[in-house]
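1. build me a structure from this.
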Amino acid sequence: MRKQKLMLGAILVAAGLLMGCAGTAKGSTEEDRGTAAVEEVQADENGNASTEEDTISEDENGLTAEAQTEDVESSDPGNSGENEQMDTYVILPNPSFSYYRSDRVQERELTAIALIKESEEPNEIIDEDKWFQDNGLQRQGFPYEDGEYRYEAFRNEADQPAIFLTELATGKTVTFDLREYQYSTEYVEADYDFIDQNLFYAAVRDNVLYLATGHYTYAESCPQTAYITAVDLTDNSVLWKTEPLTCNARGFAFVDDYIICGYGFTAEDDYLKIVRIDTGEVVQEIPVKTAPDYIIRQDWILYVRTYDTNYTFMIAVE
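-> The predicted structure follows:
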């Protein structure tokens, strides 16, 4: 009888431990008076889970990133939990299909820049590798690293666009779910199968993530496409979003306080565009012969490859 009681007690203790683990392993997202609570799951020296709350605040327009934790990783499992990093999952809100600027964004006084064309020559369309090699340029395309972050674009199980961002120094990761950027509200019904939008390029500068998104068909099929969106990595909120038809190139470049990007498509006007980095406003358009594909800065020279033409521009600060 005593053995039976001991066995029954052990079973009940084990069941209680399992139920307790299940209860502490769940992260939750809570909203209270304009803030979204984010639970960070951590482990103490004995490996027991505990929770610690942090908050993400709304901007004045009520936009917050819907964030939740997914996993806990440790770069050194034997270091008593000191190096454990939080993986964050964010469903990024789409503030508008036209130009958007958060009330938090303040316009700054910027130094003007100019792009002075130095060369223009036709390419063979299929000679991309030679163009990169001849100019000593690195090809732009996911996945890639820039010394501070690793960028990985992917489609989730629902076939929605997303980006997995890793901070190389700390190992911290953020997944930005871009489902709200996938389909717009204005499109030609017959062309619905072609307006699925994806991630073209991404880069971080001064703790702000810049995302270029759009579809691969004509603007007349869906004019709400080809944006750059600025995301504050402090709270994962959207700072601004450009007007549509701004960027569908495979990359963009930072030049002082500006982003140089490009838009174009068959039978459409093709431009390089200069965008203010503080507000996302387009301040200049430079016509090019065909749609910009690659835009790469190397020192004070901007290399631009369009569908059938190669350009170089000298960057001048006015």
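2. who touches the helix or strand where Asp134 lies?
-> Assigning secondary structure by DSSP states H and E places Asp134 in helix 128-135. For helix 128-135, the surrounding residues in contact (C-beta atoms under 8 Å, 6 or more residues apart in numbering) are Asn123, Leu137, Gln138, Arg139, Tyr294, Gln298, Tyr303, Arg305, Asn310. All C-beta atoms are positioned from the backbone trio N, CA, C, and that covers glycine.
3. and these, which of them are in strands?
-> Tyr294, Gln298, Tyr303, Arg305, Asn310 (DSSP state E).
4. among these, which one lies nearest to Gly262?
-> Of all these, Tyr294 has the smallest distance to Gly262: 9.1 Å, by C-beta to C-beta.
5. grab the nearest non-local neighbour of Glu281.
-> Sequence neighbours aside, Val275 is the residue nearest to Glu281 in space, at 6.9 Å (criterion: C-beta to C-beta, 6 or more residues apart in numbering).
6. cool, Tyr151 as well?
-> Nearest to Tyr151 is Ala202, by C-beta to C-beta, 6+ apart, at 5.1 Å.
7. quick check: mean pLDDT of the helix or strand hosting the one you found?
-> Element membership of Ala202 [criterion: DSSP H and E] is strand 198-205. Mean pLDDT, strand 198-205: 98.
8. list the buried residues in that strand.
-> For strand 198-205, the buried set under the neighbour-count rule, 16 or more other C-beta atoms under 10 Å, comprises Asn198, Leu199, Phe200, Tyr201, Ala202, Ala203, Val204.
9. before we move on, back to that, filter the contacts of helix 128-135 to the buried ones?
-> For those, buried by 16+ other C-beta under 10 Å: Asn123, Tyr294, Tyr303, Arg305, Asn310.
10. need the contacts of helix 128-135 in CSV with distance to Gly262 and pLDDT, can you?
-> Converted to CSV, the contacts of helix 128-135 look like this (distance: C-beta to C-beta, whole Å; pLDDT from 0 to 100):
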residue, distance to Gly262, pLDDT
Asn123, 15, 98
Leu137, 16, 97
Gln138, 18, 92
Arg139, 17, 88
Tyr294, 9, 97
Gln298, 17, 97
Tyr303, 12, 98
Arg305, 10, 98
Asn310, 13, 98
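11. which one of these is nearest to Thr170?
-> Taking the contacts of helix 128-135 together and measuring to Thr170 by C-beta to C-beta, the closest member is Gln138, at 24.3 Å.
12. related to what we said a few turns ago, list the contacts of the residue nearest to Tyr151.
-> Tyr151, Ala153, Ile163, Leu165, Leu209, Tyr210, Leu211, Ala212.
13. which PyMOL command selects the buried ones in those residues?
-> To isolate the buried ones among the contacts of Ala202 in PyMOL, judged by 16+ other C-beta under 10 Å, type:
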select buried, resi 151+153+163+165+209+210+211+212
